[in-house]
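A.B. asks: Below are the sequence and a predicted model for it; my questions follow.
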Amino acid sequence: MRSVIFSEHGDRDVIEYGEVPDPDPADDEVLVDVKAGALNHLDVWTRRGLPGIDLEMPHTPGSDAAGVVESVGADVDRFEAGDHVAVSAGVSCGSCEFCRDGDPTLCYRFQIIGEHLPGVHAERAAVPADNLVPVPDHVDWEIAGSASLVFQTAWRMLHTRADIEAGERVLVLGASGGVGHAAVQIADHAGCEVFATASSEEKLRHAEDCGADHVIDYEADDFAEEIAAMTDRRGVDVVVDHVGAATYPDSIASLARGGRLVTCGATTGPNPDAGLDRIFWNQLSVLGSTMGTPGEVDDVLELVWDGTFEPRIREVRPMSEADEAHRLLEDREGFGKVVVIPDSEF
Ligand SMILES: [Zn+2]
């Protein structure tokens, strides 16, 4: 079968759409005929190479995909051939103290399909049944293959970690990205007043369409000053920041007293000045978040399947153009998710 692969870390030119052996599912796995899968920024990091992660090569990338169950292993009773499924990429050990305590996202051995383990951007994938969720038949493949990673991440950030309440003011940075556009929708649905930043007029209009009440062009304006002006110098209750060092000082400065900054990534670097003076005096909280529990995944995907939330599709490409899909992410072109489809299905 054919699969997106790379045999060494590097720039986009290491990406190929090559021939690999058919997957051989274990007893607890499901063989999925892949119809569509979205990229995440994680795919870019994984391609470039992450410290401490030693991948078996060639590596198939991809943490998100949806497709049809072709066959199931002997121990699988949740699915049968013909079912529509989507991948939920977090893998936990099931036996450490945090898994036993009910939060597998804290697992000592937490791994992500596509990052630490072989991914799913191929014609077929063998996926543990625990990492699949059912998808109603009416949901489009592009939607089904785009929602899981970013919506579970944004859901946990806002509901579980930042514990948002109706009426609170929430600032979402980088609203055009996958997590950003999911966070805008989730905060809006929770009854929050949503502020969103993006880098062009077109992206700002998309952010408003996702539910943002106020938008800020961060290329043109200093977002901390804009937030101060828009909130009568009070600030916002929650900032969703996955940008990192470049935005952290302004994120902290944008928070109201008692506010919470929640982060799921640090694209521009992990080590900003901490700003401890503001943190203690204004009694701020800085909260980390990674992926979601199976219960959180079920809660948020239910709302995707029924149309409450909608992953926006920025571009759909055949898997043989996965390198171009990476470029769209790296150049921050467009709004929402970039999807790849097996060439045989395109
Ligand atoms: Zn564990």
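C.D. replies: Yes, it's here. Numbers count the residues shown, from 1 in each chain.

A.B. asks: Confirm for me that V179 is in contact with V262.
C.D. replies: No. Under the criterion of Cβ atoms under 8 Å, V179 is not in contact with V262, lying 10.8 Å apart. Bear in mind the C-beta positions are built from the backbone N, C-alpha and C, glycine included.

A.B. asks: what sits in contact with each of the two?
C.D. replies: Common contact partners of V179 and V262 (Cβ atoms under 8 Å, 6 or more residues apart in numbering): 157, 240.

A.B. asks: where does the stretch 1-150 of the chain have low pLDDT?
C.D. replies: For the stretch 1-150 of the chain, not a single residue meets the criterion pLDDT under 70.

A.B. asks: which bits of it sit near the ion?
C.D. replies: By the rule Cβ under 5 Å from the ion, the part of the stretch 1-150 of the chain lying against the ion is 92-93, 96, 99, 107.

A.B. asks: Buried among those? Need that as a selection in ChimeraX.
C.D. replies: Buried residues among those (16 or more other Cβ atoms under 10 Å), as a ChimeraX selection:
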select :92,99,107
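
A.B. asks: okay if I get the residues of the stretch 1-150 of the chain next to the ion as TSV plus secondary structure?
C.D. replies: Listed next are these as TSV, based on DSSP: H, G, I helix; E, B strand; the rest coil:
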residue	secondary structure
S92	coil
C93	coil
C96	coil
C99	helix
C107	coil
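
A.B. asks: and the residues of the stretch 1-150 of the chain next to the ion, which two are the farthest apart?
C.D. replies: S92 and C96 (7.9 Å; Cβ to Cβ).

A.B. asks: which residues do the two both contact?
C.D. replies: Counting by Cβ under 8 Å, 6+ apart, the shared contacts of S92 and C96 are 107, 109.

A.B. asks: for the residue of the stretch 201-346 of the chain found nearest the ion, what are its contacts?
C.D. replies: The stretch 201-346 of the chain approaches the ion most closely through T293 (12.0 Å), counting by Cβ to the ion. Counting by Cβ under 8 Å, 6+ apart, T293 touches 102-105, 156.

A.B. asks: buried stuff in stretch 54-66?
C.D. replies: 55, 58-66.

A.B. asks: Strands of the stretch 201-346 of the chain, start to end?
C.D. replies: Counting by DSSP state E, counting those that start in this stretch, the segments of the stretch 201-346 of the chain that form strands are 214-217, 236-241, 255-263, 285-288, 313-318, 337-341.
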